[in-house]
Each structure stands twice: as C-alpha cells, then as structure tokens.
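J.: Dropping the sequence and predicted coords here.
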Amino acid sequence: MTSAKGLEGIVATQSSISSIIDDQLTYVGYTIDDLAENSSFEEVVFLLWNLRLPTKSELDQFKTDLASNMELPEAIIDHLRSYDLSTVHPMAALRSAVSILGLYDDEADVMEEAANKRKAVRLQAKIATIVTAFARIRQGKDPVKPKKDLGFAANFLFMLNGEEPKDIEEEAINKALVLHADHELNASTFTARVCVATLSDIYSGVTAAIGALKGPLHGGANERVMEMLTEIGEEENAIPYIKEKMANKEKIMGMGHRVYEQGDPRAKYLKQMSKELTKITGQPKWYNMSVKIEDYIKEEKGLPANVDFYSASVYHSLGIDHDLFTPIFATSRVSGWLAHILEQYDNNRLIRPRAEYVGPETQQYVAIENR
Ligand SMILES: CC(=O)SCCNC(=O)CCNC(=O)[C@H](O)C(C)(C)COP(=O)(O)OP(=O)(O)OC[C@H]1O[C@@H](n2cnc3c(N)ncnc32)[C@H](O)[C@@H]1OP(=O)(O)O
Ligand SMILES: O=C([O-])CC(=O)C(=O)O
C-alpha cells in the first residue's frame, strides 16, 4: 500500500458541479469567463444548487428568498457581543457563529432533501450577515439590517458600511463572489463532503469547511498577501523582498496551485479589477507591486498567481479590513460547499480512505514498572 502525499492527483469522487480541465474552470459546464462577465452571484448559486441556469422569474424569486433570510436570530448578535472581538480572528468567529446558528434552526437535523435546500438558503443568506455584524460590532457599531430590495453583493456592502455601495463597488464584490463560488474538490469542499458523508448535518459540514478555508495554504492566503504587500510598502522594495523570502525558502502567498499549471483563470479578472480600483483610490502601487511579484515568481519558479493574489488589493481598495478577506471568500464559497453537501447526500457513501502505516514493526509490550 503506497500513499500519495496530500492526495495529489487522486480522483476521490464524481461531481456535476464544477470542473477544472486544462486550466479551464467551469460551473456546470458554463465557463468562468461567461459567468464572471454576465452573472449575478445569486444566478451562480442557483446554478450550483440546481445544475441549471434559472429563468428570470426563478432568479427574481431566489433573490427575494436570499434577501429575506439574511436577518440573524437575535441570539447570534448577542453571542457576537458576548466576547472580546478584538482578540478573535473573524474566521474563528464565523466558524463558531455558524455552529451556533445550527442550534437555532428547528430543521438542523432534518435530513430530507427539501429541508436541506431550505437550510442551504438560510445559511447562504446568514453567513453574509454574520461577517458584517462581526465587523461592525468590533468597531463598536450596531449591526445593519439587510434590505430586502438589494441584491446579495449590494446587501453585503450595505450591512458592512451602513450605506448603499456605488455601482463599481457592488460590481467588484459581485464578480469576486462569482469567481470564488466553487472550485471542484478543494480542501474545504472536500472537508465538507467528508463530514456530511457520515450523514452528519449541513451546519456541521459548513462549520468544518470554514475551519479548512481559514488556513493560509487555502483561503487564508488572501489576507497574507495584503500583509506581504503592506510589509513591502513601496514598489522598489518588491523584488528584493521576494528574493529574500525565496532565499529563506518561504512561500509567497497567493502564488502556486495544486491543479493549475499555467494560470488560474479567475486571477485575470481580479487583476483587472485591482488595476482599476487601485487607480481610482490613487494607490496604484498595490497593483504595480503585485504585477512585479507575479512576473518574478512566474519567471523564477514557473508558479502562477492564484485567486487569492489579486483579490487582496481589490478588497483593500474597497476599504475592507484585511482580516475580513477570507470571510468574504467564505461568504461566496459556502454556495459551493452547500452544492457539494447536497450532491453528497444525494448519492452518499462514507468517505474513509486508508493510511500507509510507516510506524514501528510489531513491538513487545513492556509492563509499566519495567519501562
Ligand atoms: C484558494 C486557494 O486555496 S489557492 C491557494 C492559496 N494558497 C497560497 O497562495 C499559499 C501559497 N501557495 C502554496 O503554498 C502552494 O502553492 C499550494 C498550497 C497552493 C499548493 O501546494 P502543493 O501543490 O502542495 O505544492 P507544494 O507546497 O508541495 O509545492 C511544490 C513546490 O513548489 C514550491 N512552491 C509552491 N508554492 C509556492 C509559493 N507560493 N512560493 C514559493 N514556492 C512555492 C514549493 O516550495 C515546492 O518546491 P520544492 O519542490 O522545491 O520543495
Ligand atoms: O482548488 C484549490 O485547491 C484551491 C482553490 O483555488 C479554491 O478553492 O478556490
């Protein structure tokens, strides 16, 4: 029995949700390019959960369903007010709040398909509200209630900032949400599927997935990218800084990918948005130094920028706190987790691989008094 470290190249399941073939990403067969250029986030979520695009009236209804499920039980707000938020990472807060949210859902352990779909709507809607409520309470402000007539991206920014976003801000967040929604069997999605394959509930699956997304080798990289850019400070420091990191064998955050070889098809959209938004905010240095780093790493190591690389300067340009970058990723990716959870339930088998044992040979047990 031999093992594949990190399960590289192992095909662990079948899925109809998204595919990555020859560096092309599709959701249910639609290219990420078509979706990034044309779709609202709600349309993409409908697609992932129903494996088809909605009609106009279905999409209108779905948008209404999401907007009207955004409000949180008061107990969750009370919970967010109950501890010192200044010492807690928002991904940890989100992980715990989603787990607690399950306690306030009467259907949490009802495993019927219709109940699972209703819970999916509630979770997708409420995660946006948890993230924004956390951010506001941390600043000593009251949470802002969602508006039923705003779309998902606009509502997210409205609940975060307390004012309706400009079109360009709404478009940037909408596109970022579309681009992050699903990605085949990435680590957090796999985590969600492993969890619910024991026939555990949706809240457990999503809580586990948030924990996996939090790590810096996965979703947590976007915050680290901004940390790196901030440390670099000015464009002329970028390459010496990267050279030193590489000499110390440190990884460059936002670079490299397990599956993509030439490039991540999502990165070009975030790169373009970064270019536009950093220009508007009068801080093109974040974009310029990112391009320098990307080109250098591509040349030196052959590694492409991944989705986390340019999203950092996009969110920074929107005035978003750096530790909220990964929670925004989660706000989008929960749609993919939920799609995979529903798919797993639909055709379930326990996920239980084997380990190649490399420990000591059979040993003689020695009584404790003789050790
Ligand atoms: C949404 C997402 O999750 S996208 C990924 C977000 N994560 C990051 O951006 C963190 C930085 N990147 C990485 O750590 C990796 O590229 C990962 C985790 C994305 C993929 O990892 P793996 O496929 O396991 O590759 P692994 O870590 O084994 O690296 C293979 C080689 O490339 C190098 N490498 C990979 N990524 C990087 C990087 N970002 N910077 C420098 N070197 C790197 C490794 O050092 C290793 O080199 P070696 O063979 O000389 O030892
Ligand atoms: O697929 C992966 O390994 C990581 C990734 O890009 C994602 O989850 O979006």
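T.: Yep, it's here. Numbers count the residues shown, from 1 in each chain. Ligands and ions are numbered 1, 2, ... in the order given.

J.: looking at it, Q344 is touching V196, isn't it?
T.: Yes. Using CB atoms under 8 Å, Q344 is in contact with V196, at 5.3 Å. For the C-beta atoms, the positions are set from N, CA and C on the backbone; glycine is no exception.

J.: of the two, who's got more company?
T.: Each of Q344 and V196 has its neighbours counted (other CB atoms under 10 Å); V196 has more, 27 against 22.

J.: can you pull the contacts of the more buried one?
T.: By CB atoms under 8 Å, 6 or more residues apart in numbering, V196 lies in contact with 202, 204-205, 341, 344-345, 348.

J.: With adjacent residues omitted, what lies nearest to it?
T.: G205 (4.1 Å; CB to CB, 6 or more residues apart in numbering).

J.: Going by contacts, tell me the helices and strands next to the strand or helix carrying the one you found.
T.: Element membership for G205 (DSSP states H and E) is helix 202-213. Applying 3 or more CB pairs under 8 Å, 6 or more residues apart in numbering; DSSP states H and E, we find helix 202-213 packed against helix 90-103, helix 113-138, helix 187-196, helix 325-346.

J.: now the second one against helix 325-346, angle please.
T.: It refers to helix 113-138. 170 degrees (axes from the mean of the first three to the mean of the last three CA atoms, to 10 degrees).

J.: Let me know the average pLDDT across helix 113-138.
T.: For helix 113-138, the mean per-residue pLDDT is 98.

J.: Equivalent analysis for stretch 322-332, please.
T.: Average pLDDT, stretch 322-332: 98.

J.: touching ligand 2 at all, whichever strand or helix holds E43?
T.: Under the criterion of DSSP H and E, E43 resides in helix 41-50. No. Figure legend: helix 41-50 not in contact with ligand 2 (CB under 6 Å from any ligand atom); closest approach 13.5 Å.

J.: Buried residues, that helix. List them.
T.: 41-49 (16 or more other CB atoms under 10 Å).

J.: what's the following helix or strand after that helix?
T.: helix 56-68.

J.: For that next one, name the packing helices and strands.
T.: helix 41-50, helix 113-138, helix 152-161.

J.: make it 6 Å
T.: helix 41-50 (3 or more CB pairs under 6 Å, 6 or more residues apart in numbering; DSSP states H and E).

J.: Would you mind naming what in this structure lies close to ligand 2?
T.: Residues of the chain lying near ligand 2 (CB under 6 Å from any ligand atom): 183, 186, 258-259, 306-307.

J.: Can you name the residue of the stretch 101-250 of the chain nearest ligand 1?
T.: A221 (3.5 Å; CB to the nearest ligand atom).

J.: What is the neighbour count of the residue in the stretch 151-300 of the chain that ligand 1 sits nearest to?
T.: Residue of the stretch 151-300 of the chain nearest ligand 1, by CB to the nearest ligand atom: G256 (2.3 Å). G256: 19 surrounding residues under other CB under 10 Å.

J.: Assess the claim that it and L303 are in contact.
T.: Yes. Here G256 reaches L303: they are 4.4 Å apart, a contact under CB atoms under 6 Å.

J.: Now I173. Nearest residue, chain neighbours left out?
T.: A153 (4.3 Å).
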